[in-house]
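Trainee: curious how this folds, go ahead:
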Amino acid sequence: MSVPPNSDDPLTPELSLSTASKLLTKPTRRAVIQHFSTRKTPTAELSELVDYIHETVETVTSPEQARTMLVHMDLPKLAEHEVIDYDERSETVRYQDGKYLERLLEISDSYESSS
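Mentor: So this is what the prediction gives:
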């Protein structure tokens, strides 16, 4: 039985569990969500995200690789599902509302750390 979305509740998912899970399978997208969940402001410059991804994602070996992954794969995918807005001209990323993804990420991280 599915529960209809409640637009008044910020934790009510706009995404299906399947879609949210697919978004969180890539370490770089997980890191983008983690980055914004720890910030007081919902905006970040692309260069800031590149540095964060390069520093935190083990499989990313250079800033150039981080930038390529973000610009060509991860930011477009997150924007497609309205998790972020990405302005390519100004290279600014605005986090929309990822509370649902943040909760799923917390659950996933706590499960992985207890295994």
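Trainee: quick one: mean pLDDT over stretch 103-115.
Mentor: For stretch 103-115, mean pLDDT rounds to 74.
Trainee: just stretch 46-63 next, same as before
Mentor: Computed over stretch 46-63, the average pLDDT equals 97.
Trainee: now that stretch: buried residues?
Mentor: Leu46, Leu49, Val50, Tyr52, Ile53, His54, Val57, Val60 (16 or more other Cβ atoms under 10 Å). Just so you know, the C-beta spots here come from the backbone N, C-alpha and C atoms, and that holds for glycine as well.
Trainee: so the nearest residue to Leu70 once chain neighbours are set aside, which of the three states?
Mentor: Take Leu70 and drop its neighbours on the chain: the residue closest to it by Cβ to Cβ, 6 or more residues apart in numbering is Leu49, 6.0 Å away. Here Leu49 takes the helix state, with states given by DSSP: H, G, I helix; E, B strand; the rest coil.
Trainee: so Leu49 touches Thr92, yeah?
Mentor: No: in this structure, Leu49 is not within contact of Thr92 by Cβ atoms under 8 Å, at 10.2 Å.
Trainee: Leu23 and Ser62, how far apart?
Mentor: Remark: distance between Leu23 and Ser62 (Cβ to Cβ, to the nearest Å) = 24 Å.
Trainee: would you map the strands across the protein?
Mentor: Assigned by DSSP state E, the chain shows strands spanning 43-45, 84-87, 92-95.
Trainee: need those strands in a markdown table with mean neighbour count and distance to Arg29, can you?
Mentor: Output for the strands of the chain, formatted as a markdown table (neighbours: other Cβ atoms under 10 Å; distance: least, Cβ to Cβ, whole Å):
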| stretch | mean neighbour count | distance to Arg29 |
| --- | --- | --- |
| strand 43-45 | 15 | 14 |
| strand 84-87 | 18 | 10 |
| strand 92-95 | 18 | 12 |
